[in-house]
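>>> prediction below, plus the sequence it came from.
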Amino acid sequence: MFTTSAFHLSDDRPSADTKKHEMKSVWRGRLAYEIYRAVTRAAAPALYYLVEWRRRRRWWRKQGNTESVPFAAPGVRPPGTPLVWVHAVSLGEALAALPLVHHHYSLSVPTSSFVILMTTTTFSAFEVVKDLLPDGVIFQMAPIDTPAAVKRFIGYWDPCAILLIESELWPNLILYAAQKGIKLGLLNARMSYKSFKRWSTPLALPLISLMLSKFSLIAPLSNTEALRYQLLGASPTIIHFAGDLKYAVGDYEVKEKENKTILDDLTDQISNRPTWLAASIHSGEEQVMIQAHNELIKIFPELLLILVTRHPRDGNRIGLELKRQEVNVAIRSKKEAISPSTCIYVVDTLGELRVLYRASGVAVIGGSFLPGLCGHNVSEAAAAACAILTGPHVGHFHHMLMEMRQINPFSVKQVIGLKELVEDLKVLLGDENIRKTHQNAAKESFEIMSKGVVHSVWYLVSNFVLQSVNPLNSK
């Protein structure tokens, strides 16, 4: 996959009036930042106690949790070695960053050239990603965006570059890093229409324009995102395309022996029963999936639904509710096995989705069946050669669906509601040839779209952000 520069909105040389307007914009941006800085400084104590409360609550729910609070700077900074900070807010973004991190540590050049510090914001991402990183990566919880937390964190780790994933535009972090001369890159950069509207308001526009002026590289997901970033003030010269890192997520196999053990165990429990998987199901969406399953078991009496909740806390609630309705349910977190009479298998654990895709073969991607939701990454299901269905609300994943369907129209099907979902599942579950056609199409689209993405993104990062760190890494 070749990298290309974004189109320019204008090639005209700036006039005196334009320069004057730009100076006013910078002044307004600095004023907006000073207001933001003052507010976050004042709110810091409350934010600290909020995060501490969440950490303690997590501890109570799961013993053995040792996650650090944002103000802490645990771990050891390798002396005399450059450090690059990679930050992803939640699980999806962190998984997208993983292939890039693995790529650095797989290079033939000496990996001692620099080490990677990776951070996440959500606890669920921390719990999953900490077991997937290569040796040598330092992994921490990210600081909250207050002046003191950012200053302390950057002062402790002293990164030479910061790579932010998707839409992590935090004013204190970005502007303090720029003040310290730290190079900034925004990878898999997305800008939803809602976010674009919010940033386009008179109060917010000068601030984001100031922030975007500090980046050395913005690698957007699509032309639409590129245009929005330019309209918000990003220079066209720093915007370059290299593909979506989320295509590479499904291609990275980790803990292979453990995954195979889990897969073999699930396959034995499922036996030869027809099975479909509802993945990343948000609160409220389980009703759609259960209604669909109730219709399907009239035709396929032995059908098993594997229902994977987006948030583990929802699993126990759904399982208990179904048991009260006298539905034969097994809950994974309680180590309940799938029996021949199990109707629904509720999975409320983290980090097993790729294995579950392989065990099912037919996947419905959640986060897309209720208004206000924005879809989820379908590439993991495609990598596992699943026949894929998704709902109408896919948000910034729309470009992924379009690209996959351009390669093969059967690679992913978008349904508009419950009735169409049931009809399509009837076809996929009832006709092996049609199911195989959709499975092969998904796998083909994934292989084409994922080819070279990591190398292309790494090339941009090496040449626009890391050139002063290690010129040999431009591979």
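Perfect, I can see it now.
>>> next, give phi and psi for the closest residue to Cys374 other than its chain neighbours.
Nearest residue to Cys374, sequence neighbours excluded (CB to CB, 6 or more residues apart in numbering): Gly395, at 2.8 Å. To be clear about C-beta, it is placed using only N, CA and C from the backbone, and glycine gets the same treatment. Here is the backbone geometry of Gly395 (degrees, to the nearest 10): phi 50, psi -130.
>>> please report the distance of Leu303 from Arg37.
Going from Leu303 to Arg37 by CB to CB, to the nearest Å gives 56 Å.
>>> ok, back up a step: for the residue nearest to Cys374, give me its contacts.
By CB atoms under 8 Å, 6 or more residues apart in numbering, the contact list for Gly395 reads 192, 373-375.
>>> what's the most distant pair in those?
Greatest spatial distance in the contacts of Gly395: Ser192 and Leu373, 12.3 Å, computed using CB to CB.
>>> for stretch 117-124, C-alpha coordinates in CSV please.
C-alpha atoms of stretch 117-124 as CSV (Å, rounded to 0.1, in the frame of the first residue of the first chain):
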residue,chain,number,x,y,z
LEU,A,117,6.3,3.6,26.3
MET,A,118,2.6,2.6,25.6
THR,A,119,-0.3,4.0,27.6
THR,A,120,-4.1,3.6,27.6
THR,A,121,-6.8,5.5,29.4
THR,A,122,-9.4,2.8,30.1
PHE,A,123,-8.9,0.0,32.5
SER,A,124,-10.4,-2.6,30.2
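>>> mind listing what's buried in that stretch?
Buried positions in stretch 117-124, judged by neighbour count with 16 or more other CB atoms under 10 Å: 117-124.
>>> closest to Ile338 among those?
Ser124 (24.3 Å).
>>> my guess is the closest one contacts His311. True?
Yes - using CB atoms under 8 Å, Ser124 is in contact with His311, at 7.4 Å.
>>> could you give the mean pLDDT of stretch 52-71?
On average, the pLDDT along stretch 52-71 is 54.
>>> start the count at 48 instead of 1 going forward.
Let's use 48 as the start, then, which means that last one is stretch 99-118.
>>> which other residues reach the helix or strand hosting Asn363?
Using DSSP states H and E, Asn363 maps to helix 360-371. Identification of contacts with helix 360-371 by CB under 8 Å, 6+ apart yields 328, 330, 333, 337, 354, 356, 376, 378-381, 391, 393-396.
>>> now do the helices for the stretch 98-247 of the chain: every range, in order, please.
Per DSSP state H, counting those that start in this stretch, the stretch 98-247 of the chain carries helices over the ranges 138-153, 170-176, 194-204, 218-226, 240-246.
>>> any stretches of the stretch 148-297 of the chain with poor pLDDT?
Filtered on pLDDT under 70, the stretch 148-297 of the chain yields the residue ranges 155-159, 297.
>>> quick one, strands of it?
Secondary structure of the stretch 148-297 of the chain (DSSP state E, counting those that start in this stretch): strands located at 162-167, 185-188, 208-212, 230-236, 264-267, 287-288.
>>> also the stretch 348-497 of the chain?
Per DSSP E, counting those that start in this stretch, the stretch 348-497 of the chain carries strands over the ranges 351-356, 376-378, 391-394, 409-412, 434-437, 460-461.
>>> need these in CSV with mean pLDDT, can you?
What follows is these, written out as CSV (pLDDT from 0 to 100):
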stretch, mean pLDDT
strand 351-356, 98
strand 376-378, 96
strand 391-394, 97
strand 409-412, 98
strand 434-437, 98
strand 460-461, 97
